[in-house]
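Visitor: okay, predicted coordinates and the sequence, questions at the end:
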Amino acid sequence: MAKPKHGRLTEEENYDRYYWFAGGNFIGAYKGLAALPLSLLAALVVILSNGMPVWESYASYYMGGYAGTYSSYLLIFIFSALYAKFMDSFGCATAVGYKLIDWFGKKNVILVSVLITSVLTYGGVSLFVCIFVVGLIMFLLFKEANLPRHLTVACLVIGSSTYTMTSLPGTPALTNIIPTQFLGIKMTAAPILGILCSIAMFVMCMVYARLQEKKAIAAGEGWTYPAHMNTGAYEIADRSTLPAAWKSFLPMIVLILFIIIGGRFISDSALLTVAAMLSGTILVVLFNLNRLKGKSIKQLLGVGLNDGISAIGGLAAVVSFGTVVQNSAAFQVVVDWVLSIKMHPYLEGIFSTAVISGITGSSSGGLRLTLQILGENFIASGCDLEVLHRLISVAAGSLDTLPHAAGLFLVLSYLGLSHKEGYKHVFWTSVAIPAITVLVAAGACILLGI
């Protein structure tokens, strides 16, 4: 039988092909295959199984996604990495970590890490920036508490990809902004429901994190540094050699305030982030002029900026794969099927948003695509649009972090973890718990007639 042409596969064949390349991608990520070769191989599976022209698909779709990622995020990444490098090199990140331990104790490093990340992301700092700001501080906290590094990903995901991204009223995350553009409601929609969902997710996530902490301690697990990391900054024999605490905290505080307040005047988020990171970097230097001896600013600039280029490569590769997927016949068939299922508007919104977010590996992408097609239907249904807004926002933050999610590769790479080492924490805190929360919330709203 002749091979079907692109776009002419039967519906059953399209489902089979989607499940095949999705499963293959999951396995590749879990086995530790790097983002670039994984994305190239996975894209080839998609191209061949969908009868797409090979070279044209790589040249147009794959490279379009790759170049688009660099165009959108390169400046953000390199200047965020530069800030992190200066904080590390001048000892500021280490000083902040030690001061937090003085205040809260070694027994509370998980809670402290979660709260720092939560404050940053609820204040408008994106995950891509947050990882550079808090990653080094978490390393010091976990090293002092002698907790295994794989738990750091749980803290980062809990604080950035659950309640601060989807359910807290007024959060500046895209998952809270997009529904307002289609449904005509405010970012503070359904505040009571949002707060209740936030409390539920926070409590369940912290219970999970504490249980994993106890399990790790009982198993004799302890801190290990990422491979090829310069450990000198974390092995401090005399803390008096570190910068003063206020000199270390102030650049970070100014950076956060710059993003929060500057967002009212600067509409370009990339410009806002770069300006904030540069401000923070300059303050690190100005407050530590007495520590310049023996340091090469030229070398720090080169290494810091190059760190950003290294970080964005994996993200671009996974986004490129997603671009190929979204241009395949299988993708469109699966999306059409998901959007064709009729049920209660709340359940329809949750199901459609979660599944499409899972396919695209993007909460904002899943929300936008769902609302582009079903937005008018939701408005005409007569359901409470504020409740719908909150439910679909939480749903978007569930299946979006399956193993092929682009941001996940960045987070795990920065923390020096493989999918095998860290993904189980991501699954429970950012997939299972949000999914449970939104299903219970939707069921309660339907039963109560809200």
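Guide: Everything's here; your move. Numbers count the residues shown, from 1 in each chain.
Visitor: what about the helices in the stretch 301-450 of the chain?
Guide: Secondary structure of the stretch 301-450 of the chain (DSSP state H, counting those that start in this stretch): helices at 329-340, 345-360, 363-381, 385-396, 406-414, 419-426, 433-447.
Visitor: what residues sit buried inside the second one?
Guide: The neighbour-count criterion (16 or more other CB atoms under 10 Å) identifies 345-360 as the buried residues of helix 345-360. For every residue, glycine as well, the C-beta is placed using N, CA and C.
Visitor: can you redo the helices of the stretch 301-450 of the chain as CSV with mean pLDDT and distance to Glu221?
Guide: Below are the helices of the stretch 301-450 of the chain laid out as CSV (pLDDT from 0 to 100; distance: least, CB to CB, whole Å):
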stretch, mean pLDDT, distance to Glu221
helix 329-340, 79, 40
helix 345-360, 89, 31
helix 363-381, 85, 31
helix 385-396, 94, 32
helix 406-414, 83, 18
helix 419-426, 92, 11
helix 433-447, 96, 23
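Visitor: pick the most buried one from those.
Guide: Of all the helices of the stretch 301-450 of the chain, helix 385-396 carries the top mean neighbour count, a mean of 28, counting by mean count of other CB atoms under 10 Å.
Visitor: how far off helix 345-360 does that helix point, in degrees?
Guide: 30 degrees (axes from the mean of the first three to the mean of the last three CA atoms, to 10 degrees).
Visitor: can you pull out the residues in contact with helix 385-396?
Guide: Identification of contacts with helix 385-396 by CB atoms under 8 Å, 6 or more residues apart in numbering yields 166-167, 175-176, 179-180, 183-185, 189-190, 193-194, 197, 345-346, 349-351, 353-354, 357, 363-364, 366-367, 370-371, 378-379, 434-435, 437-438, 441-442, 445, 450.
Visitor: kindly export it (C-alpha atoms) in PDB.
Guide: What follows is helix 385-396 as a C-alpha-only set of coordinates in PDB (Å, rounded to 0.1, in the frame of the first residue of the first chain):
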ATOM      1  CA  LEU A 385     -16.800  33.200  33.300                       C
ATOM      2  CA  GLU A 386     -14.800  34.200  36.300                       C
ATOM      3  CA  VAL A 387     -15.000  30.600  37.700                       C
ATOM      4  CA  LEU A 388     -14.200  29.200  34.200                       C
ATOM      5  CA  HIS A 389     -11.200  31.600  34.000                       C
ATOM      6  CA  ARG A 390      -9.700  30.300  37.300                       C
ATOM      7  CA  LEU A 391     -10.400  26.600  36.500                       C
ATOM      8  CA  ILE A 392      -8.900  26.600  33.000                       C
ATOM      9  CA  SER A 393      -5.800  28.600  34.300                       C
ATOM     10  CA  VAL A 394      -5.200  25.900  36.900                       C
ATOM     11  CA  ALA A 395      -5.800  23.200  34.300                       C
ATOM     12  CA  ALA A 396      -3.300  24.700  32.000                       C
END
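Visitor: got the buried residues for stretch 67-79?
Guide: Residues of stretch 67-79 classed as buried by neighbour count (16+ other CB under 10 Å): Thr69, Tyr70, Tyr73, Leu75, Ile76, Phe77, Ile78, Phe79.
Visitor: out of the residues you listed, list just those in helices.
Guide: Thr69, Tyr70, Tyr73, Leu75, Ile76, Phe77, Ile78, Phe79 (DSSP state H).
Visitor: pull the distance from stretch 221-232 to the chain's centre.
Guide: Relative to its chain's centre, stretch 221-232 lies at 23 Å (CA atoms, centre = their mean, to the nearest Å).
Visitor: quick one: contacts of it?
Guide: For stretch 221-232, using CB under 8 Å, 6+ apart, the contacting residues are Phe139, Phe142, Lys143, Ala145, Asn146, Leu147, Pro148, Arg149, Tyr234, Leu415, Gly416.
Visitor: can we see that at 6 Å?
Guide: Phe142, Lys143, Asn146, Pro148, Arg149, Gly416 (CB atoms under 6 Å, 6 or more residues apart in numbering).
Visitor: I am finished for the moment; much appreciated.
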